[in-house]
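[1] With the sequence up front, the predicted model follows.
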Amino acid sequence: MRNVTIGLVQLESRVGDKAYNLKESERLVRTAAAQGAQIICLPELFVTGYNLNTFGEGLYDLAEGLSGPAITAMRALAKELGVYLIAPIALQAYTTRPLNNAAVVIDDQGEVQGTYSKNHLFGDECVYFTRTGEYPVFDTKYGRIGIMICADNNYPEPARILALKGAEIIFMPAAWRVQESDIWPLLIRCHALENNVYVAAANQYANMGDLFLFGHSMIAGPRGQVVEELTQEGGGLIVRTVDLDEIYACRANMPSLKDRHPEDYGVFCAPVSQ
């Protein structure tokens, strides 16, 4: 068995309160590590919270670079605890504008392995963020991981690209609205099943009246089964050990990746007019 213990942080964030969000995130990461988590994922924009209507132009002041206080704190924490951390922030990548809605991958020595920037921007996100078109995968001591962020979940391509590039676990930080709560588990389970991978989704919980991010962080397995789901109101944790060998057992019985016919799929890359 190739076991790895996943930690998902469901943060009950406060919009714009970086000090509180960082302190609470550190507490939950420490708790997850104490329970054995080896790779721990925080939700989308964990340190600022998520509400573009509230942020407005202020988002640029809240954003940070890789040497900013949030990632500096997370790097120190990862090194201290000996865990991998996925820390999503509003990232000042090149200049202050536009930003990247990014997830920073930090290894268990506290080094930044790289970043993934959200490619499918939702609503007004395109006003503040830009996309890169890149889908990196990252090697860890436990297996290969990829990352999607929130609205990437609405499309089949990101998970398929990551699986074809060797990702065994796809982590998905999110700030997912209650209006789409019905499709949240369906999409996560479908991506896991179609690609025979684990999908581990860490959602924010924040009830702001005009915006309710409803939590329900979850892990889906390589047959699309729900491995664990956090159904409580508010913040919390999932810490769950999974066996990566199950991926290859599923693929041996249902080789959906191997039996594809890419030569037939050119229409998938054609633009759609409406």
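    Great, that's in hand.
[2] use CA for all of it now, contacts and neighbours both
    Will do.
[3] List the residues that contact Y20.
    The contact partners of Y20, taken as C-alpha atoms under 8 Å, 6 or more residues apart in numbering, are R14.
[4] Just say helix, strand or coil for it.
    helix (DSSP: H, G, I helix; E, B strand; the rest coil).
[5] do T5 as well
    T5 carries the three-state label strand when classified by three-state DSSP.
[6] Use 594 as the first number from now on
    Done: numbering now begins at 594, and the last item shifts to T598.
[7] List the contacts of it.
    Taking C-alpha under 8 Å, 6+ apart as the contact definition, T598 lies against G629, A630, Q631, I632, V832, R833, T834, V835.
[8] again, but for A695
    By C-alpha under 8 Å, 6+ apart, the residues touching A695 are P681, I682, A683, L684, T708, Y709, S710, K711.
[9] Now do the strands in the stretch 694-843 of the chain.
    Assigned by DSSP state E, counting those that start in this stretch, the strands in the stretch 694-843 of the chain fall at 705-710, 730-732, 737-740, 762-767, 791-796, 798-800, 805-807, 811-813, 819-822, 829-836.
[10] what bridges to the closest residue to D732 other than its chain neighbours?
    Spatially, and ignoring its direct neighbours in sequence, D732 is nearest to I738 (6.5 Å; C-alpha to C-alpha, 6 or more residues apart in numbering). Beta-bridge partners of I738, counted by DSSP bridges, are F731, I762.
[11] Surely I738 and Y728 touch.
    No. With contacts counted by C-alpha atoms under 8 Å, I738 stays clear of Y728, the gap being 10.9 Å.
[12] hang on, isn't I632 packed against G600?
    Yes. The pair I632 and G600 passes the contact test of C-alpha under 8 Å, sitting 6.0 Å apart.
[13] Contacts only, for Y798.
    For Y798, the contacting residues are Q603, L604, E605, S606, A768, F805, L806, F807, G808, E826, G827, G828, by C-alpha under 8 Å, 6+ apart.
[14] of those residues, buried ones?
    Neighbour counting by 16 or more other C-alpha atoms under 10 Å classes Q603, L604, E605, S606, A768, F805, L806, F807, G808, G827, G828 among the contacts of Y798 as buried.
[15] Give me the distance from the helix or strand bottoming out on mean pLDDT in the chain to the chain's centre.
    Of all the helices and strands that make up the chain, helix 645-648 has the lowest average by mean pLDDT, DSSP states H and E, namely a mean of 89. Relative to its chain's centre, helix 645-648 lies at 21 Å (C-alpha atoms, centre = their mean, to the nearest Å).
[16] So which bits of the helix or strand that that helix is followed by are buried?
    Downstream of helix 645-648, the first helix or strand assigned by DSSP states H and E is helix 652-655. By neighbour count, and taking 16+ other C-alpha under 10 Å as the criterion, the buried residues in helix 652-655 are L652, Y653, L655.
[17] If you count neighbours, what's buried in the very next helix or strand once past helix 652-655?
    Tracing the chain past helix 652-655, the next element assigned as helix or strand by DSSP H and E is helix 662-674. If you call a residue buried by 16+ other C-alpha under 10 Å, then helix 662-674 has these buried ones: A663, I664, M667, R668, A669, L670, A671, K672, L674.
[18] what angle sits between helix 662-674 and strand 705-710?
    Orientation check (axes from the mean of the first three to the mean of the last three C-alpha atoms, to 10 degrees): helix 662-674 against strand 705-710 gives 130 degrees.
[19] Can I get helix 662-674 in PDB, CA atoms only?
    Extracted in PDB, the C-alpha atoms of helix 662-674 (Å, rounded to 0.1, in the frame of the first residue of the first chain):
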ATOM      1  CA  PRO A 662       3.800  37.600   5.700                       C
ATOM      2  CA  ALA A 663       1.300  34.800   4.800                       C
ATOM      3  CA  ILE A 664       3.600  32.600   2.800                       C
ATOM      4  CA  THR A 665       6.500  33.400   5.100                       C
ATOM      5  CA  ALA A 666       4.400  32.100   8.100                       C
ATOM      6  CA  MET A 667       3.300  29.100   6.100                       C
ATOM      7  CA  ARG A 668       6.800  28.200   5.100                       C
ATOM      8  CA  ALA A 669       8.000  28.300   8.700                       C
ATOM      9  CA  LEU A 670       5.000  26.200   9.800                       C
ATOM     10  CA  ALA A 671       5.600  23.600   7.100                       C
ATOM     11  CA  LYS A 672       9.200  23.200   8.100                       C
ATOM     12  CA  GLU A 673       8.400  23.100  11.800                       C
ATOM     13  CA  LEU A 674       5.700  20.400  11.300                       C
END
